[in-house]
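*Asks:* Okay, structure incoming, though there's no sequence with it:
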């Protein structure tokens, strides 16, 4: 009889992957696949996987910045600074290649610095358009995705139609399982608190993907639901520029909140990237980016971010919104005032947490979160 | 260093600081001021001249606007003017009061603050009829122009030029060329009239000539002593940014070039003493150009070239191609839209061809 994994076993495996540092993670990665670093969901992981590579998302770590200061101004976001720091401290030697894309100016600069500091034959710049509201950009992006595929074919491994089909299915099933995990937490998060949840999300960008899908199914199978599982918790929406972090998720939920939805680019936002399985794969991998608003570094009309966030928050049933932003992120900070105004005009209170990693004012942030949650609490 | 050595060093510096290094004023500046005053007068009262106004980024394709009789206004140029007039701080503070982070681009904060308060060197600016945003200069402009599109409730045309890390791909160039056609369609819709190829050809010719003249002026500073400094170029670049495509820019740069060529003939430099030749990288410090110039010149140091003003000497403008296609490549391949290797090569060329002893890199949040 097949052993059913217990919840604690699943969470333990996830915690290990999510917590182990770059220097040790190599031994946890799937053998026989070249780990290829990437930063952003605009990079089709499906293609990297289909080529026989292992897509490994670089999401920033709380590393002390020292070497990177010789290459970057201080006003770069944590993801950029910490990633370069890790590279220069030789923590990323296990990576066999890296894929950058056109998200923000800092990332553009990082790609060139990276190429100078660690030249590699597997260094690709996927130059996605910044304009996602035009037919011209659709045509252009498809050509660029094809160019990426051709690069992977010649540098990692030939992408066969069958491999690509299986890869797309794998990532779609992962998104579906994650979506269900979000839904289960909305009903009862008592067995899956914020910290563990953030680790689950994070692990999905680091570990062997088929094993990750298995874990998610085991998790969903092991979760029990209590009708009052979320009693007295204040539903909160988290929006921002960072990937899921157990530090911030636990800080917010320990204050009595329940993060019912987010649009962080590691989490619920990626559900908008489901790939149609009835289209030509390259067309499907392209068209998904045009279906809904995804990232403030991209233009989809002047009102797109406001409309998208407002609708998502209202649909989630959240009582308040926390903006969780790494410092120095232009795209998010330019949008912040109008987003705040739009939410508050609909009676949805907001809180801005502008942070670095590690934060040296955790105590202060904790008090602010507690006050915000208390303000929203009906009790 | 002992007290004696320190005192000695101080004496030398004081001696150098006390040595006068007269600056030769550019005579054409009077004509420059008249020209720019006229431009800003029209920008302040466009309806008096029957003009529609488009706010456009400094690297945006302005030629189709002039061909359609639209007055382009440059919020970045206005931001520089606010900086030079030392009016930026309260404008940035007004933007910060609305919730914009202090860490954001100060050009954008200045412009947003000016729109919010109606203050600045020109006071309350007339509302634009539409906006044109090109991201070949940076990604910040996308957010900046989205904000203004929402604030003014006007249409925005976004001209997307993918960044070039190594070389421009064919499909990338095609993308930019197709957008140029969309741009013309957008303008026809906004202005409710057809695009005139004849007028456009005339504007392109003016644009090309102004760019050539500007390039030639900048190249004159290869001479020793440099007849013009980068600080002068920061000021005199305004027509190539704001009036590119008009006969006024051509007229002005012919005048300026003649004056500078005279200096070269006479072997006369912008400063009496030129002992150290330097290159400046990045945006000028608009609010303190004069002071910085004094600090450098007192030590016999002269800025002979820079990477900022030369960005408007569009290197790839090719009149042998159909105009829209020629423009597309020129705008897609400007200095700011190119990767590090390109920039390193350019700096190296500048240092070699201008005989520079060193360079100053300006790091700023803008």
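*Replies:* On my side now, so go ahead. Just so it is clear, the structure is predicted and the values come from calculations on it, not from any experiment.

*Asks:* ok now do residue A:78, which residues does it touch?
*Replies:* Contacts of residue A:78 were listed using Cβ atoms under 8 Å, 6 or more residues apart in numbering or on different chains, and they are A:60, A:242, A:326-327, A:356-357. In this view, the C-beta of every residue, glycine as well, is placed from N, C-alpha and C.

*Asks:* List the ones among those residues that fall in strands.
*Replies:* Taking DSSP state E, the ones among these that sit in strands are residue A:326.

*Asks:* out of the contacts of residue A:78, what pair is the most spread apart?
*Replies:* Of all pairs drawn from those, the widest gap by Cβ to Cβ lies between A:60 and A:327 and measures 12.4 Å.

*Asks:* residue ranges of the strands in the stretch 1-150 of chain A, please?
*Replies:* With DSSP state E, counting those that start in this stretch as the definition, the stretch 1-150 of chain A shows strands at residue ranges A:34-38, A:53-57, A:97-101, A:123-126.

*Asks:* Adding distance to residue A:85 and mean pLDDT, write these out as JSON lines.
*Replies:* Written out in JSON lines, the entries for the strands of the stretch 1-150 of chain A read as follows (distance: least, Cβ to Cβ, whole Å; pLDDT from 0 to 100):
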{"stretch": "strand A:34-38", "distance to residue A:85": "14", "mean pLDDT": "98"}
{"stretch": "strand A:53-57", "distance to residue A:85": "17", "mean pLDDT": "98"}
{"stretch": "strand A:97-101", "distance to residue A:85": "15", "mean pLDDT": "98"}
{"stretch": "strand A:123-126", "distance to residue A:85": "18", "mean pLDDT": "98"}
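
*Asks:* what sits against the residue sitting nearest the centre point of chain A?
*Replies:* Here the mean C-alpha position of chain A is nearest to the C-alpha of residue A:266 (Cα atoms, centre = their mean), at a distance of 1.4 Å. By Cβ under 8 Å, 6+ apart, the contact list for residue A:266 reads A:41, A:57, A:59, A:201-202, A:205, A:242-244.

*Asks:* Chain B: which of those residues is nearest?
*Replies:* Chain B has its nearest neighbour among these in residue A:242, at 15.9 Å by Cβ to the nearest Cβ.

*Asks:* now that closest one, nearest residue through space, not along the chain?
*Replies:* Distances taken as Cβ to Cβ, 6 or more residues apart in numbering or on different chains place residue A:326 nearest to residue A:242, at 5.5 Å, with adjacent residues excluded.

*Asks:* What residues are bridge-paired with the one you found?
*Replies:* Residue A:326 forms beta bridges with residue A:355, as assigned by DSSP bridges.

*Asks:* residues in contact with it?
*Replies:* By Cβ under 8 Å, 6+ apart, residue A:326 lies in contact with A:77-79, A:240-242, A:354-357.

*Asks:* Read off the pLDDT value for it.
*Replies:* pLDDT for residue A:326: 92.

*Asks:* how close does it sit to residue A:368?
*Replies:* For residue A:326, the distance to residue A:368 under the criterion Cβ to Cβ, to the nearest Å works out to 17 Å.

*Asks:* Residue B:25 too?
*Replies:* Using Cβ to Cβ, one obtains 56 Å as the distance from residue B:25 to residue A:368.

*Asks:* Residue B:335 touches residue B:346, doesn't it?
*Replies:* Yes - counting by Cβ atoms under 8 Å, residue B:335 does reach residue B:346; the two are 6.5 Å apart.
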